[in-house]
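>>> Got a predicted model here, sequence first, then my questions.
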Amino acid sequence: MAFLHDIYHRQEIVRAGRLPAEMVARNDAFEPRMIGMEPPGGVYTHVVGIDLVRTGEDEFHVLEDNVRTPSGVSYMLENRETMLQMFPELFTQNRVKPVSHYPQALRRSLAACAPKGTAGEPVVAVLTPGLYNSAYYEHSFLADKMGVELVEGDDLRVVDGRLAMRTTEGYKSIDVLYRRVDDAFLDPLTFNPESRLGVPGLFDVYRAGRVTLANAPGTGIADDKAIYSYMPEIVRFYTGEAPLLRNVPTWRCSNPQELSHVLAHLDELVVKEVHGSGGYGMLIGPAASRAELAAFRAKLMANPGNYIAQPTLALSTVPVLTRAGLAPRHVDLRPYVLVSPEGVTITPGGLTRVALKAGSLVVNSSQGGGTKDTWVLED
Amino acid sequence: MLGKTAGGLYWMFRYLERSESTARLVAAGQRIALTRSQPDEEWASVLDTTATWEAYVARHGTVRRDTAIRWMLCDRENPSSILSCIEAARANARMVRTALTREVWESVNETWMVLRDALGERLGERDLPAATALVLQRAHQVRGAFAGTMLRNDIFNFARLGTFAERADNTARLLDVKYYVLLPSAQAVGTTIDNVQWESILRSVSAEGAYRMTYGQEVRPRHIAQFLILDPRMPRSLAFAVGKLVDNYGYLARTYGHRMPSHEMTDALRATYLDRSIDTILADGLHEYLQDFLRDLAAIGTQTEQDYRFYA
Amino acid sequence: MTEIRRLSVRHITTYAYDAPQSWGLLRLRLTPRSHRFQRVLSWSVTLEGARRELGYEDHHRNLVDLASLEPGASTVIIRCEGEVEVTDNAGVLGSQGGFAPLWLFLRETPRTRPGPACSALVSRVMAAESETLNRLHALTRALAEGIVFAPGATDVASTGEEALAHGRGVCQDHAHAFLACARAMGVPARYVSGYLLMDRIEQEASHAWAEAWIEGLGWVGFDPANCICPDHRYIRLATGLDYGEASPVSGSRRGTGDESLSVHVEVAAQ
C-alpha cells in the first residue's frame, strides 16, 4: 500500500501538507521500528477486511478498514458449508460463486510474498497466541485448510539467520509467517519484553529481509480511526483519483470546532475511540440514556483527541428468524481482500455481521452479533 | 511435523489409554471390594496401581470407598482421574487439531462432553458399572475413528507410541501391585480369596475370556503372569505393547531415515525383559523385574521427548 | 583548518555465565558507519562462544548484528577491532540520511522522562539563554556540573531524571538527562554510543553522549559528561532515542545462573 510505504519512508503526504504530521507523530499505531524497512514483495497488508455498510440504493460506505489481523474468515467458510448442507437446492437454482478456495488463495497469495531468494516452494506457517485465544479455532482451521503448520512462539527460534520451527527432524526454516499475534507481542527482544507469545529476534530476521510477516508490523496506522477521516484525501494523493467507495463523514474531536459540533449533537452521533476495536468504548447517541450521554460527554471532553464522531447511519437490514418470526436486523459486510505482488484478490463473498438485538447497530461478534452467509452471483 | 505436535499426539494418546485403564481398574476394584470384609483395603491397592496413592492420602487422609472412587473418576485434584485424563487428552487434541482427521477430533471432543456430564455429578455405587462401561465404550469409539480415518504416517506413529508406552506402564503397575498373589509360594494355596484376586487381575485388563481361550477354565497365577507379561497375542501384555513400540519406532526410523537413541533403548527393553521364560522371571523376583522394567520404560519416554523435540 | 585524526579501537566484551547456556541471543550495535566526518578504514567483530546469525540496518540506520550463543557456552567474548579516521567539525554533523522524521526525536522514553529536577533545569536554561545552540551549551555545562561522575551509582535502567536529582552518574546518565531536557525544550535529540580517545588508552566502558537537531546546522553533538562538543576524538557507533536503542550489546537468554559482564576498551591515536 502506497500510503504505508510513504509513511515509513519519505512521508511525502506529510511534506505535501495533505496529512498533518501530528496525525502520525501522536499516533501509537505508528511503529518507528518499521522506518526505512522494505517489506518482502513491497506488501504491508497481505490480508485486509473492509467493513462496508449499505445506507441506500447502491449507496455503500466504508465503515472501517481492518489491516492488522482481520478475523472472521472461518465464519464465512463455515456459514457456506452449513448453507450447502441445509439448502442444497438453493445452490442448484442459483449460480453462487464459491468461497471455499479462500484458504488455497490465501496460501498462494502469502507464498507470493516470500522473501527474495527463497528456494523452492515457500514454507508458510500460521502463528497463533495459542489454545486460549478466542480465535484459536480460526487459526487452526486456516492452517489445516492451507496445509501449513500452526505454530506458537515456543515452536520458533532464530536458526542460521532464519526463522525456524522445531520439528521432529530438527529446525526447519519458515519463509512466510501469517501471524495472528499482535505487533506488541511478536518479539520480546524488540517489543513488549514480557511477551511469552513471540519469538526473540523475529523482528531482526524480518528487518534483515529473511522472513515475511503477514501483515507487516505497524500497519495499524492505516486503519486507525483518526487516520480514517483522511482516507479519501489519502486515496486521492496516491492515485490522483477520487475513491470509488465513500467514507462515512467523520468529525475529528481533536479539532476544537469539530468537537463543539460533536458535543452539540452528541445524541445524534456515533462516537468511537480512535484506537478502539470490537465495538468497545463507543457511544451510539440515539440509543444512549441521558446518564450515558453525560458520562460519555465527560470522557470526551477529558481527552477529545481520543475520539471521532460519525452520523448514525441508516444501516441496511436483512431478515432474521427470531422467536416472533422474521424480523429486520442491521448488518454490515466484511469482504476479504488478499494482496500480493501478483495482484489483489477479492473473495467473492464475505462475512455479513448481524446485530441480533432489535434496532442495534453494533454487529461485533464480541458484542452479541451474529453472522450470515453472503453470496456473490455469477453474471 | 512440529516437535510440539509429536508431543501433543503422544500425550493425547497416553491420556486416552490411561483413562481406559483406570476405568477397568475401577470396575474390577468394585467387583473385588464387594467380596471383601474390608473393602477399603482393595481401594488402596487400586489407588496404588494408578500411582496416585500418595497424592490421595495427602489430600484425603484415610482411604474410603466413596472418596477413592470419586478420586479416580472425576476428582480434578487428581491429574490421573478419568475426567482429568479426558480433559488433558482433549486439550492435547486441540493443540494438534491440524494433525487429526475431523472424525478423530470430533470423537475426542464428544467423549469429553459426554464424560464431563456423566462423571461430573456425584455417582452412586449403582451407576459405577454404567459409568465405567461408558468410558470404555467412548475409548473404543475414539480408537475406531483413529484406526479408520488416519493416514499411516509419522502422526499415526507418535500416537501409537503414546498408547503403548502408557499401556505397558499400566499393565506393569497392575502386576506389581498384585505381584505377591502371583508368587510361586501362592500357587499351591488357591484359596477363594486368591481366586478372586487372580480373576480381578484378568478383569482389570479385560482378559477373562482371552485367558480361558488360551488356558482353559482353571486360573493359575503362573499362567496369568505368562499371559500378561510374555504373550504377544494378548493386546494388554507387556510383550504386545513393547512389540508395538518397537514397530512404531521402526516406522519412524524408516520415515525419517535414521535411528534414534530411543529406538536402541526400546530394542534393549525387549531383549532384556521379554526374551526370558516366566519361570526365570518369577524365580529372579517379579517385583524387582517389574520395577526395573518401569524404570527403563520411563527412560525411553524421556529419551523420546528429546529425540523428537517435544519441548523447546 | 580541519583536523583529521586516525584512531584505533579495541573493544572486548566478555560475558561469563554461572552455568552453561542452552540458548540465547545477543543484539550487537558494534559496527560504526562511515559518514562525512568519520571514515571507517577497517573494522572487524569476532565472536567466541557465539555465532553471527544475520545483520541489518535498523530504523536509525545503525548496523546491527544478531548473534546466538553456542549451545552450552559459559563464556562469550565479543572482540571489535578497527581503525577510523575522524574529522573535527566542532560537533556539527549536519543532516543525516535516513527516514526517521524529526518529531520522532521529541518522543519521551522511560529513561528520558523529565521530572522535577530536569524541568527546573530546563526553566533555568530557557530563562538564561534565548538561542537554541546557546541553551544546549548551557544545558551541557549545567549537566557536567550537576551530575558527578560516579560509577556504580546508577545502572542501565536508571533515568536521566534520577541521575540529575541525585547528582551522580556516568556518561549514559548525562546523555539521558540531556535528552530529557532538550526534548522538554522542544529540541529533537538522540542518544549516541561510541568511543572516545582519552588521556589514558585503557578504559572500562565505551562512551555515550547526545546529539540535538538545530535548525540551520542539523545534528550537533554534545558531551555533557565531558562538557564539550565531540571532535576528532569521538567515534560514533550507534544512535537511538535512548540507551535501549543504541546500546552496543543487548540480549536475551534462557538459562539459569547469573552472568557477569566485563568490558575492556582501548582507544589510541595513530
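Nice, thanks for sending it over.
>>> mind listing what's buried in stretch A:338-349?
If you call a residue buried by 16 or more other CB atoms under 10 Å in any protein chain shown, then stretch A:338-349 has these buried ones: A:338-340, A:345, A:347-349. Every C-beta, even on glycine, is put in place using the N, C-alpha and C of the backbone.
>>> And for stretch B:99-115?
So for stretch B:99-115, counting by 16+ other CB under 10 Å, buried means B:99-100, B:103-105, B:107-108, B:111-112, B:114-115.
>>> Can you classify the residue of the stretch 51-200 of chain C found nearest chain B by secondary structure?
Nearest residue of the stretch 51-200 of chain C to chain B (CB to the nearest CB) works out as C:Pro71 at 12.8 Å. The three-state label given to C:Pro71 by DSSP: H, G, I helix; E, B strand; the rest coil is coil.
>>> Can you name the two of the buried residues of stretch A:338-349 that sit furthest apart?
The span of the buried residues of stretch A:338-349, defined through CB to CB, is set by A:Ser340 and A:Gly349 at 19.4 Å.
>>> and the buried residues of stretch A:338-349, which of them are in strands?
A:338-340, A:345 (DSSP state E).
>>> So which of the buried residues of stretch A:338-349 is the closest to chain B?
Set against chain B, the nearest of the buried residues of stretch A:338-349 by CB to the nearest CB is A:Leu338 (21.0 Å).
>>> The residue of the stretch 1-150 of chain B at minimum distance from chain C: what's it in contact with?
Per CB to the nearest CB, B:Gly3 is where the stretch 1-150 of chain B lies closest to chain C, at 14.5 Å. With contacts defined as CB atoms under 8 Å, 6 or more residues apart in numbering or on different chains, B:Gly3 is in contact with A:155, A:166-168, B:308-311.
>>> which among these end up buried?
Among the contacts of B:Gly3, those classed as buried by 16+ other CB under 10 Å are A:155, A:166-168, B:308-310.
>>> returning to that earlier point: pick the one among the contacts of B:Gly3 closest to A:Leu333.
For the contacts of B:Gly3, the nearest to A:Leu333 is A:Asp155 (35.5 Å; CB to CB).
>>> can you name the two of the buried ones among the contacts of B:Gly3 that are farthest apart?
Spanning the widest gap among those are A:Asp155 and B:Tyr308, at 13.2 Å by CB to CB.
>>> excluding its backbone neighbours, what's nearest the residue of chain B found nearest chain C?
Closest contact between chain B and chain C, by CB to the nearest CB, is at B:Ala312 (8.2 Å). The shortest distance from B:Ala312 to any residue other than its chain neighbours is 4.7 Å, reached at A:Asp154 (CB to CB, 6 or more residues apart in numbering or on different chains).
>>> quick one: that neighbour is in a helix?
Yes. With three-state DSSP as the criterion, A:Asp154 is part of a helix.
>>> Show the pLDDT at it.
A:Asp154 carries a pLDDT score of 94 in this model.
>>> Please report the distance of the spatially most central residue of chain A from chain B.
Among the residues of chain A, the one closest to the centroid is A:Asn66, at 2.2 Å (CA atoms, centre = their mean). Note on A:Asn66: its distance to chain B, by CB to the nearest CB, to the nearest Å, is 25 Å.
>>> was I right about that residue contacting A:Gly49?
Yes. Counting by CB atoms under 8 Å, A:Asn66 touches A:Gly49, with 4.1 Å between them.
>>> Which residues of the stretch 51-200 of chain A lie near chain C?
Listed as neighbours of chain C in the stretch 51-200 of chain A under the rule CB under 8 Å from any CB of the partner chain: A:157-161, A:188-189, A:193, A:200.
>>> could you flag which of these are buried?
Counted by 16+ other CB under 10 Å, these give A:157-159, A:161, A:188-189, A:200 as buried.
>>> Can you add pLDDT and secondary structure and give those back as a markdown table?
Output for these, formatted as a markdown table (pLDDT from 0 to 100; DSSP: H, G, I helix; E, B strand; the rest coil):
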| residue | pLDDT | secondary structure |
| --- | --- | --- |
| A:Arg157 | 95 | strand |
| A:Val158 | 96 | strand |
| A:Val159 | 96 | strand |
| A:Gly161 | 96 | coil |
| A:Pro188 | 92 | coil |
| A:Leu189 | 91 | coil |
| A:Pro200 | 95 | coil |
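>>> and of those residues, the nearest to chain B?
When these are compared for distance to chain B (CB to the nearest CB), A:Arg157 wins out at 7.5 Å.
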